[in-house]
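[1] Structure, please.
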Amino acid sequence: MEKYIEHIKQVYPSLSIRDCRLNEMGQNNDVIIINESIVFRFPKYRMGIDNLKKETDILEAIKDKVSLPIPSPFYQSFKELEVGEVFVGYELIPGSPLWKESLGNIQSEEVLIRLATQLVRFLIEIHSIPKNKLTLEETNPREEMVDLYQRIQDKLYSFMRIEAQRQIAYSFETFLNSETSLSLKTSLVHGDFGATNILWDPTTNNISGIIDFGGSDIGDPAYDFAGILSSYGEDFFTMCLKLYPNGTEIAERVRFYRSTFALQEALHGVDNDDVETFENGIKAYK
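    Residues are numbered from 1 along each chain as shown. So this is what the prediction gives:
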(Lines give C-alpha, C1' and ligand atoms only; values in the text may rest on other atoms or scores of the structure.)
Protein backbone atom coordinates (compact mmCIF):
# COMPACT_ATOMS: atom_id res chain seq x y z
CA MET A 1 0.00 0.00 0.00
CA GLU A 2 2.92 2.34 0.67
CA LYS A 3 3.95 2.17 -2.99
CA TYR A 4 0.43 3.01 -4.08
CA ILE A 5 0.28 6.02 -1.77
CA GLU A 6 3.63 7.27 -3.02
CA HIS A 7 2.46 7.00 -6.62
CA ILE A 8 -0.76 8.90 -5.85
CA LYS A 9 1.34 11.68 -4.30
CA GLN A 10 3.54 11.83 -7.38
CA VAL A 11 0.59 12.19 -9.74
CA TYR A 12 -1.48 14.46 -7.47
CA PRO A 13 0.99 16.29 -5.21
CA SER A 14 -1.66 18.76 -4.03
CA LEU A 15 -3.87 16.00 -2.62
CA SER A 16 -3.58 16.04 1.18
CA ILE A 17 -3.50 12.46 2.48
CA ARG A 18 -4.30 12.32 6.21
CA ASP A 19 -5.04 8.63 6.50
CA CYS A 20 -5.54 5.56 4.34
CA ARG A 21 -6.69 1.98 4.59
CA LEU A 22 -6.82 -1.05 2.35
CA ASN A 23 -10.23 -2.45 1.46
CA GLU A 24 -9.90 -6.25 1.34
CA MET A 25 -12.92 -6.85 -0.91
CA GLY A 26 -11.39 -6.19 -4.33
CA GLN A 27 -10.87 -9.31 -6.50
CA ASN A 28 -9.45 -7.63 -9.58
CA ASN A 29 -8.21 -4.38 -8.04
CA ASP A 30 -6.45 -3.32 -4.87
CA VAL A 31 -8.76 -0.75 -3.30
CA ILE A 32 -7.48 2.01 -1.02
CA ILE A 33 -9.66 4.45 0.92
CA ILE A 34 -8.03 7.86 1.37
CA ASN A 35 -9.20 10.24 4.11
CA GLU A 36 -12.33 8.07 4.44
CA SER A 37 -13.68 9.98 1.45
CA ILE A 38 -11.84 8.98 -1.76
CA VAL A 39 -11.62 5.50 -3.29
CA PHE A 40 -8.52 4.61 -5.33
CA ARG A 41 -8.42 1.42 -7.39
CA PHE A 42 -5.21 -0.16 -8.70
CA PRO A 43 -5.51 -3.16 -11.07
CA LYS A 44 -3.86 -6.31 -9.70
CA TYR A 45 -3.31 -7.85 -13.13
CA ARG A 46 -2.08 -6.64 -16.52
CA MET A 47 -5.41 -7.48 -18.17
CA GLY A 48 -7.14 -5.37 -15.53
CA ILE A 49 -5.53 -2.19 -16.87
CA ASP A 50 -7.46 -2.25 -20.14
CA ASN A 51 -10.61 -3.13 -18.22
CA LEU A 52 -10.15 -0.17 -15.88
CA LYS A 53 -9.69 2.22 -18.80
CA LYS A 54 -12.81 0.86 -20.48
CA GLU A 55 -14.73 1.12 -17.21
CA THR A 56 -13.64 4.74 -16.80
CA ASP A 57 -14.86 5.58 -20.30
CA ILE A 58 -18.22 3.91 -19.61
CA LEU A 59 -18.71 5.79 -16.33
CA GLU A 60 -18.04 9.11 -18.03
CA ALA A 61 -20.49 8.24 -20.82
CA ILE A 62 -23.43 7.26 -18.59
CA LYS A 63 -23.03 9.54 -15.55
CA ASP A 64 -25.89 11.85 -16.59
CA LYS A 65 -28.20 9.06 -17.73
CA VAL A 66 -28.81 7.09 -14.53
CA SER A 67 -30.91 7.77 -11.45
CA LEU A 68 -28.57 6.24 -8.86
CA PRO A 69 -25.13 7.54 -7.84
CA ILE A 70 -22.20 5.86 -9.62
CA PRO A 71 -18.43 6.45 -9.34
CA SER A 72 -17.13 9.61 -10.99
CA PRO A 73 -13.40 8.99 -11.70
CA PHE A 74 -11.93 12.43 -11.06
CA TYR A 75 -8.43 11.08 -10.33
CA GLN A 76 -6.81 9.11 -13.16
CA SER A 77 -3.36 7.70 -13.97
CA PHE A 78 -3.01 5.95 -17.33
CA LYS A 79 0.31 7.41 -18.50
CA GLU A 80 2.37 4.30 -17.67
CA LEU A 81 0.31 1.20 -18.42
CA GLU A 82 1.92 -1.00 -15.78
CA VAL A 83 0.50 -2.75 -12.73
CA GLY A 84 1.07 -0.46 -9.76
CA GLU A 85 1.13 2.66 -11.92
CA VAL A 86 -2.42 2.72 -13.25
CA PHE A 87 -5.23 3.89 -10.99
CA VAL A 88 -8.51 5.76 -10.84
CA GLY A 89 -9.95 7.62 -7.86
CA TYR A 90 -13.40 8.92 -7.07
CA GLU A 91 -15.40 10.33 -4.19
CA LEU A 92 -16.61 7.58 -1.85
CA ILE A 93 -20.29 6.79 -2.36
CA PRO A 94 -21.84 6.46 1.12
CA GLY A 95 -23.59 3.26 2.01
CA SER A 96 -23.02 -0.40 2.78
CA PRO A 97 -23.26 -3.45 0.52
CA LEU A 98 -26.80 -4.75 0.43
CA TRP A 99 -26.02 -8.25 1.67
CA LYS A 100 -28.58 -11.04 1.45
CA GLU A 101 -28.82 -11.08 5.23
CA SER A 102 -29.66 -7.37 5.31
CA LEU A 103 -32.37 -7.83 2.71
CA GLY A 104 -33.70 -10.84 4.58
CA ASN A 105 -34.10 -8.79 7.76
CA ILE A 106 -36.45 -6.33 6.05
CA GLN A 107 -40.02 -7.15 7.07
CA SER A 108 -41.77 -4.40 5.14
CA GLU A 109 -43.11 -5.41 1.74
CA GLU A 110 -43.22 -1.72 0.83
CA VAL A 111 -39.49 -1.33 1.47
CA LEU A 112 -38.65 -4.45 -0.53
CA ILE A 113 -40.70 -3.22 -3.48
CA ARG A 114 -39.02 0.20 -3.28
CA LEU A 115 -35.54 -1.36 -3.31
CA ALA A 116 -36.49 -3.63 -6.22
CA THR A 117 -37.96 -0.67 -8.10
CA GLN A 118 -34.80 1.39 -7.65
CA LEU A 119 -32.58 -1.46 -8.89
CA VAL A 120 -34.76 -2.34 -11.87
CA ARG A 121 -35.13 1.31 -12.87
CA PHE A 122 -31.34 1.57 -12.92
CA LEU A 123 -31.05 -1.55 -15.08
CA ILE A 124 -33.69 -0.27 -17.49
CA GLU A 125 -31.72 2.98 -17.77
CA ILE A 126 -28.37 1.38 -18.63
CA HIS A 127 -29.96 -1.27 -20.85
CA SER A 128 -31.66 1.54 -22.80
CA ILE A 129 -28.55 3.63 -23.51
CA PRO A 130 -27.99 3.68 -27.29
CA LYS A 131 -24.99 1.53 -28.14
CA ASN A 132 -23.74 4.10 -30.63
CA LYS A 133 -23.18 6.47 -27.70
CA LEU A 134 -20.58 4.09 -26.28
CA THR A 135 -17.09 3.33 -27.54
CA LEU A 136 -17.58 -0.40 -27.12
CA GLU A 137 -17.30 -3.17 -29.66
CA GLU A 138 -20.46 -5.11 -30.47
CA THR A 139 -20.29 -8.56 -28.90
CA ASN A 140 -22.17 -11.81 -29.36
CA PRO A 141 -23.24 -13.30 -26.00
CA ARG A 142 -23.72 -16.72 -27.55
CA GLU A 143 -20.19 -16.76 -28.93
CA GLU A 144 -18.91 -15.67 -25.51
CA MET A 145 -20.70 -18.65 -23.94
CA VAL A 146 -19.21 -20.95 -26.61
CA ASP A 147 -15.77 -19.66 -25.62
CA LEU A 148 -16.54 -20.00 -21.91
CA TYR A 149 -17.73 -23.58 -22.41
CA GLN A 150 -14.53 -24.47 -24.26
CA ARG A 151 -12.35 -22.91 -21.55
CA ILE A 152 -14.23 -24.80 -18.85
CA GLN A 153 -13.63 -28.08 -20.69
CA ASP A 154 -9.97 -27.31 -21.32
CA LYS A 155 -9.03 -25.90 -17.92
CA LEU A 156 -11.51 -27.21 -15.34
CA TYR A 157 -12.87 -30.61 -16.40
CA SER A 158 -9.80 -32.42 -15.11
CA PHE A 159 -10.60 -31.20 -11.59
CA MET A 160 -14.27 -32.27 -11.70
CA ARG A 161 -16.22 -35.41 -11.01
CA ILE A 162 -17.80 -36.99 -14.10
CA GLU A 163 -21.39 -36.21 -13.08
CA ALA A 164 -20.53 -32.50 -12.72
CA GLN A 165 -19.05 -32.53 -16.24
CA ARG A 166 -22.27 -34.05 -17.60
CA GLN A 167 -24.45 -31.46 -15.85
CA ILE A 168 -22.34 -28.61 -17.24
CA ALA A 169 -22.45 -30.09 -20.74
CA TYR A 170 -26.24 -30.42 -20.61
CA SER A 171 -26.69 -26.85 -19.33
CA PHE A 172 -24.43 -25.24 -21.93
CA GLU A 173 -25.64 -27.30 -24.86
CA THR A 174 -29.29 -26.62 -23.98
CA PHE A 175 -28.59 -22.89 -23.97
CA LEU A 176 -26.40 -22.86 -27.07
CA ASN A 177 -28.88 -24.91 -29.10
CA SER A 178 -31.89 -22.80 -28.12
CA GLU A 179 -33.49 -20.49 -30.67
CA THR A 180 -33.32 -17.63 -28.17
CA SER A 181 -29.53 -17.72 -27.98
CA LEU A 182 -29.27 -17.27 -31.74
CA SER A 183 -31.10 -13.93 -31.79
CA LEU A 184 -30.27 -12.15 -28.54
CA LYS A 185 -30.75 -8.39 -28.42
CA THR A 186 -27.77 -6.84 -26.69
CA SER A 187 -27.29 -3.67 -24.65
CA LEU A 188 -24.91 -2.14 -22.17
CA VAL A 189 -24.84 -4.31 -19.05
CA HIS A 190 -23.29 -3.71 -15.63
CA GLY A 191 -21.84 -7.21 -15.68
CA ASP A 192 -21.48 -7.79 -11.93
CA PHE A 193 -24.80 -6.63 -10.52
CA GLY A 194 -24.61 -8.36 -7.16
CA ALA A 195 -24.55 -7.60 -3.45
CA THR A 196 -20.95 -6.36 -3.23
CA ASN A 197 -21.63 -3.65 -5.81
CA ILE A 198 -25.09 -2.55 -4.67
CA LEU A 199 -24.89 0.00 -1.85
CA TRP A 200 -27.76 0.98 0.41
CA ASP A 201 -28.54 3.22 3.35
CA PRO A 202 -30.11 1.11 6.13
CA THR A 203 -31.39 4.22 7.91
CA THR A 204 -33.53 5.33 4.96
CA ASN A 205 -33.92 1.89 3.34
CA ASN A 206 -32.90 3.23 -0.07
CA ILE A 207 -30.27 2.22 -2.60
CA SER A 208 -27.44 4.75 -2.26
CA GLY A 209 -25.29 3.81 -5.25
CA ILE A 210 -23.96 1.25 -7.71
CA ILE A 211 -20.20 0.62 -7.96
CA ASP A 212 -17.63 -1.49 -9.84
CA PHE A 213 -18.40 -1.30 -13.54
CA GLY A 214 -15.32 -3.36 -14.37
CA GLY A 215 -17.45 -6.05 -15.96
CA SER A 216 -19.55 -3.63 -17.99
CA ASP A 217 -19.78 -4.30 -21.70
CA ILE A 218 -22.25 -4.95 -24.49
CA GLY A 219 -24.11 -8.11 -23.57
CA ASP A 220 -27.37 -9.84 -22.76
CA PRO A 221 -29.47 -7.76 -20.31
CA ALA A 222 -30.50 -11.01 -18.61
CA TYR A 223 -26.95 -11.29 -17.28
CA ASP A 224 -27.52 -8.46 -14.79
CA PHE A 225 -30.52 -10.22 -13.32
CA ALA A 226 -28.36 -13.30 -12.76
CA GLY A 227 -26.42 -11.16 -10.28
CA ILE A 228 -29.65 -10.35 -8.43
CA LEU A 229 -30.69 -14.02 -8.38
CA SER A 230 -27.28 -15.14 -7.15
CA SER A 231 -27.14 -12.52 -4.41
CA TYR A 232 -30.70 -12.47 -3.11
CA GLY A 233 -32.53 -15.64 -4.08
CA GLU A 234 -35.73 -16.48 -5.91
CA ASP A 235 -38.28 -14.30 -4.10
CA PHE A 236 -36.53 -10.96 -4.56
CA PHE A 237 -35.42 -11.96 -8.07
CA THR A 238 -39.04 -12.67 -9.02
CA MET A 239 -40.10 -9.32 -7.57
CA CYS A 240 -37.49 -7.55 -9.71
CA LEU A 241 -38.32 -9.53 -12.83
CA LYS A 242 -41.98 -8.46 -12.62
CA LEU A 243 -40.87 -4.82 -12.75
CA TYR A 244 -38.76 -5.28 -15.89
CA PRO A 245 -40.37 -5.07 -19.35
CA ASN A 246 -41.03 -8.62 -20.62
CA GLY A 247 -39.17 -9.90 -17.59
CA THR A 248 -40.60 -13.42 -17.70
CA GLU A 249 -39.07 -13.91 -21.13
CA ILE A 250 -35.52 -13.70 -19.78
CA ALA A 251 -35.95 -15.93 -16.69
CA GLU A 252 -34.53 -19.08 -18.29
CA ARG A 253 -31.44 -17.25 -19.54
CA VAL A 254 -30.95 -15.66 -16.15
CA ARG A 255 -30.79 -19.07 -14.48
CA PHE A 256 -28.33 -20.36 -17.06
CA TYR A 257 -25.99 -17.39 -16.56
CA ARG A 258 -26.28 -17.81 -12.80
CA SER A 259 -25.08 -21.41 -13.15
CA THR A 260 -21.81 -20.22 -14.73
CA PHE A 261 -20.71 -17.85 -11.96
CA ALA A 262 -18.72 -20.31 -9.84
CA LEU A 263 -17.10 -21.74 -12.97
CA GLN A 264 -16.02 -18.26 -14.05
CA GLU A 265 -14.56 -17.74 -10.58
CA ALA A 266 -12.57 -20.96 -10.89
CA LEU A 267 -11.29 -19.92 -14.32
CA HIS A 268 -10.25 -16.55 -12.93
CA GLY A 269 -8.24 -18.40 -10.30
CA VAL A 270 -6.54 -20.58 -12.92
CA ASP A 271 -5.75 -17.69 -15.23
CA ASN A 272 -4.28 -15.53 -12.45
CA ASP A 273 -2.62 -18.20 -10.27
CA ASP A 274 -5.07 -17.37 -7.47
CA VAL A 275 -5.46 -20.64 -5.57
CA GLU A 276 -8.09 -19.41 -3.12
CA THR A 277 -10.34 -18.06 -5.88
CA PHE A 278 -9.94 -21.28 -7.87
CA GLU A 279 -10.86 -23.44 -4.87
CA ASN A 280 -13.90 -21.32 -4.07
CA GLY A 281 -15.17 -21.71 -7.61
CA ILE A 282 -14.43 -25.39 -8.16
CA LYS A 283 -15.41 -26.85 -4.76
CA ALA A 284 -19.00 -27.68 -5.71
CA TYR A 285 -17.85 -29.66 -8.76
CA LYS A 286 -15.20 -31.89 -7.21
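[2] Do a quick rundown of the helices in the stretch 101-250 of the chain.
    Ranges of helices in the stretch 101-250 of the chain, per DSSP state H, counting those that start in this stretch, are 109-127, 141-155, 162-176, 222-232, 234-243.
[3] Can you tell me which of these is most buried?
    Comparing the helices of the stretch 101-250 of the chain by mean neighbour count (mean count of other C-beta atoms under 10 Å), helix 222-232 ranks first with a mean of 24. For every residue, glycine as well, the C-beta is placed using N, CA and C.
[4] Now do that one: distance to the chain's middle.
    Taking C-alpha atoms, centre = their mean, to the nearest Å, one finds helix 222-232 lying 10 Å from the centre of the chain it belongs to.
[5] who's in contact with the closest residue to Met239 other than its chain neighbours?
    In space, and not counting its chain neighbours, Met239 is closest to Ala116: 4.7 Å by C-beta to C-beta, 6 or more residues apart in numbering. Shown in contact with Ala116 (C-beta atoms under 8 Å, 6 or more residues apart in numbering): 236, 239-240, 243.
[6] now do Val86
    42-43, 49, 52-53, 77-78, 80.
[7] Repeat that for Tyr157.
    By C-beta under 8 Å, 6+ apart, the residues touching Tyr157 are Gln165.
[8] So for Asn280, which of the helices of the stretch 101-250 of the chain sits nearest?
    Checking these against Asn280 by C-beta to C-beta gives helix 222-232 as the closest, at 13.6 Å.
[9] Identify the residues contacting the closest one?
    100, 103, 119, 123, 127, 141, 189-195, 198, 236-237, 240-241, 244, 247, 250, 253-255, 257-258, 261.
[10] hmm, back to that, which one among the contacts of Ala116 gets closest to Glu2?
    Phe236 (41.7 Å).
[11] hang on, that closest one packs against Glu109?
    No. The criterion here is C-beta atoms under 8 Å, and Phe236 misses it with Glu109 at 11.5 Å.
[12] ok, Thr277 to Ile49 distance?
    The gap separating Thr277 from Ile49 is 19 Å, by C-beta to C-beta, to the nearest Å.
[13] When you filter the contacts of helix 222-232 down to buried only, what's left?
    Buried subset of those (neighbour count, 16 or more other C-beta atoms under 10 Å): 103, 119, 123, 127, 141, 189-195, 198, 236-237, 240-241, 244, 247, 250, 253-255, 257-258, 261.
[14] quick check, distance from stretch 110-128 to the centre of its chain.
    Worked out by C-alpha atoms, centre = their mean, stretch 110-128 lies 16 Å from the chain centre.
[15] Give the buried residues for the worst-scoring helix or strand of the chain on mean pLDDT.
    Ranked by mean pLDDT, DSSP states H and E, the weakest helix or strand in the chain is strand 20-23, scoring a mean of 86. Buried residues in strand 20-23, counted by 16+ other C-beta under 10 Å: Cys20.
[16] Many thanks, I have nothing further to ask.
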